[in-house]
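# Give me a model of this one.
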Amino acid sequence: MKNKRNKHLTAFERGQIDYLWNIEKIHNQAEIARRLHRTVMTINNELRRSQRYSDYHLMPRKWRAYRYNAEEAQQYANLRQSRIGTKKKYTKKKARIIARRILDDKWSPQMIAETHKELKLSRNTIYNWIYRGMIPGVSEDNLRYQKRFKRRKSTRLLEMSAKERQAEELKIQERRVKQQEKRVIRPIKHSIEERSPAVNSRRLFGHWEVDCVLPKKGYKKVFVTFCERKTRYYIALKTDSQSGKAVCKVLDQFMHLFGKRSKHIVQSFTFDNGFEFTNHFVINKVQKEFQIMAYFAHPYSPEERGSNENANRMLREYFPKKTHFEHITNDDLRRSLHKINSRPKAVLNYKTPRDVFRRKLQEIDRTYGYKRHLRSSKNTSKR
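Down below sits the predicted model:
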């Protein structure tokens, strides 16, 4: 009879080996292999693997087989079989954690992989699970960054007819004329090129980027957003309109958030060239009343205020475009800001802007003694 090849020993065959080795006292491996129609190497491996470690080292080198137990051998075989191949990392608990972070907190797979070390997952693994539909309720549409095909303006104009093209060019000319009319008699302002290299390299704390998030057309209420350059801490305040006077009220609100500490927390503002900022009301408010430098980025250069633009994009996840802000309460805005500031960032070594900003406030309190002043005022009020 031919020897069996490429087949594992069964529990019955292990019982036969146990009987031949222990009861019939046949310690010749070749004889056992002949009776079981197996190779000698199969029997040798089985006897060697299925012994206890201490028993294996009791005997001299020439003779290693000391005892054999079929039940223990079967347990060892099952254990070895369970260790074959790589274990599946996917569990329902991990899927729930990923779904909660992506759907509720708007985290990216990179943030999840870097902060939840207990999951032991890479960014690519999480992406693959999402693409395969293994995360319940999460699809590619829920990811922050999606590749969308956008046609260029030139190709769109080529596809138009002659009349449509003329109408489009007239609209563009009208827009340019309106923009030129708005630029008449601008107040003196400082360019972003005058900003010091230490501020540009984000080494100094207290320099903020400011922008406006606009609502749906036909509505007036807007969000004025502030982003601290070093810590990426993000603040948004709602105002009644986009006018210079309304923005001045928001600036007062922003400065009152920090009280007496504002002179150490707010060192400068960097605005864009929107008409809501480039007016006498805002520039005089910042430079004369607050005694703070106001810098202005170059026209059509949002990359010069990259931190603020990125934070505005996160805010749009909670308040998307073509929505108005009339019925949005301060609590709704506060909840969304808390989630944005609680997202870990790679530039902060996957710490959250909220934690880094709090540490800076604690340093300022210790350095300038604001906490001691607050404690003494509380004690006097109690008396």
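
# all helices of the stretch 1-150 of the chain, in order?
11-18, 29-36, 40-49, 53-56, 70-82, 92-103, 109-115, 123-131 (DSSP state H, counting those that start in this stretch).

# Actually, the stretch 251-383 of the chain.
Assigned helices in the stretch 251-383 of the chain, in chain order: 262-265, 280-284, 306-318, 330-341, 353-368, 370-382 (criterion: DSSP H, counting those that start in this stretch).

# I'd like to know which of those is closest to residue 109.
helix 306-318 (15.5 Å; CB to CB). Quick note: C-beta positions are derived from backbone N, CA and C, even for glycine.

# hmm, who's touching that closest one?
106, 144, 209-211, 213, 223, 225-227, 229, 232, 234, 236, 302-303, 336-337, 339-340, 343 (CB atoms under 8 Å, 6 or more residues apart in numbering).

# Stretch 122-130 too?
Contacts of stretch 122-130 (CB under 8 Å, 6+ apart): 89-90, 95, 98, 102, 109-110, 112-113, 135, 138-140, 142-143.

# picking up where we left off before, now list the buried members of the contacts of helix 306-318.
106, 209-211, 213, 223, 225-227, 229, 232, 234, 236, 336-337, 340, 343 (16 or more other CB atoms under 10 Å).

# quick one: low-confidence parts of the stretch 1-150 of the chain?
1-6, 51-66, 86, 145-150 (pLDDT under 70).

# what do you get if the cut-off is 80, keeping everything else the same?
The stretch 1-150 of the chain contains residues with pLDDT under 80 at 1-6, 48-67, 83, 85-87, 144-150.

# Pipe the helices of the stretch 251-383 of the chain into JSON lines and attach distance to residue 121 and mean pLDDT per row.
Shown next, in JSON lines, are the helices of the stretch 251-383 of the chain (distance: least, CB to CB, whole Å; pLDDT from 0 to 100):
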{"stretch": "helix 262-265", "distance to residue 121": "38", "mean pLDDT": "92"}
{"stretch": "helix 280-284", "distance to residue 121": "47", "mean pLDDT": "90"}
{"stretch": "helix 306-318", "distance to residue 121": "23", "mean pLDDT": "94"}
{"stretch": "helix 330-341", "distance to residue 121": "22", "mean pLDDT": "94"}
{"stretch": "helix 353-368", "distance to residue 121": "23", "mean pLDDT": "93"}
{"stretch": "helix 370-382", "distance to residue 121": "41", "mean pLDDT": "48"}
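
# Can you list the buried residues in stretch 114-131?
Going by 16+ other CB under 10 Å, stretch 114-131 has these buried residues: 114, 115, 116, 119, 121, 125, 126, 127, 129, 130.

# so what's residue 245 up against?
Per CB under 8 Å, 6+ apart, neighbours of residue 245: residue 281.

# Am I right that it is in a helix?
Yes. According to DSSP: H, G, I helix; E, B strand; the rest coil, residue 245 belongs to a helix.

# Buried only: go through the contacts of stretch 122-130 for me.
95, 98, 102, 109, 110, 112, 113, 135, 138.

# Which members of the residues you listed define the maximum pairwise distance?
95 and 110 (17.7 Å).

# got the CA coordinates for the top helix by length along the chain in CSV?
Of all segments of type helix in the chain, defined using DSSP state H, the longest is helix 162-182. Extracted in CSV, the C-alpha atoms of helix 162-182 (Å, rounded to 0.1, in the frame of the first residue of the first chain):
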residue,chain,number,x,y,z
ALA,A,162,-21.6,81.4,-29.3
LYS,A,163,-24.5,83.3,-27.7
GLU,A,164,-24.0,81.5,-24.3
ARG,A,165,-20.3,82.3,-24.5
GLN,A,166,-21.0,86.0,-25.1
ALA,A,167,-23.4,86.1,-22.2
GLU,A,168,-20.8,84.4,-19.9
GLU,A,169,-18.1,86.9,-20.9
LEU,A,170,-20.5,89.9,-20.2
LYS,A,171,-21.1,88.5,-16.7
ILE,A,172,-17.4,88.2,-16.1
GLN,A,173,-16.8,91.8,-17.2
GLU,A,174,-19.7,93.1,-15.0
ARG,A,175,-18.1,91.3,-12.0
ARG,A,176,-14.8,92.9,-12.6
VAL,A,177,-16.4,96.4,-12.8
LYS,A,178,-18.1,95.8,-9.5
GLN,A,179,-14.9,94.7,-7.9
GLN,A,180,-13.1,97.8,-9.1
GLU,A,181,-15.9,100.0,-7.7
LYS,A,182,-15.6,98.4,-4.3
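
# So what's the gap between whatever helix or strand comes next after that helix and the chain middle?
Remark: after helix 162-182, the chain's next helix or strand is strand 190-191, criterion DSSP states H and E. Centroid displacement of strand 190-191 relative to its chain, using CA atoms, centre = their mean, to the nearest Å, is 34 Å.
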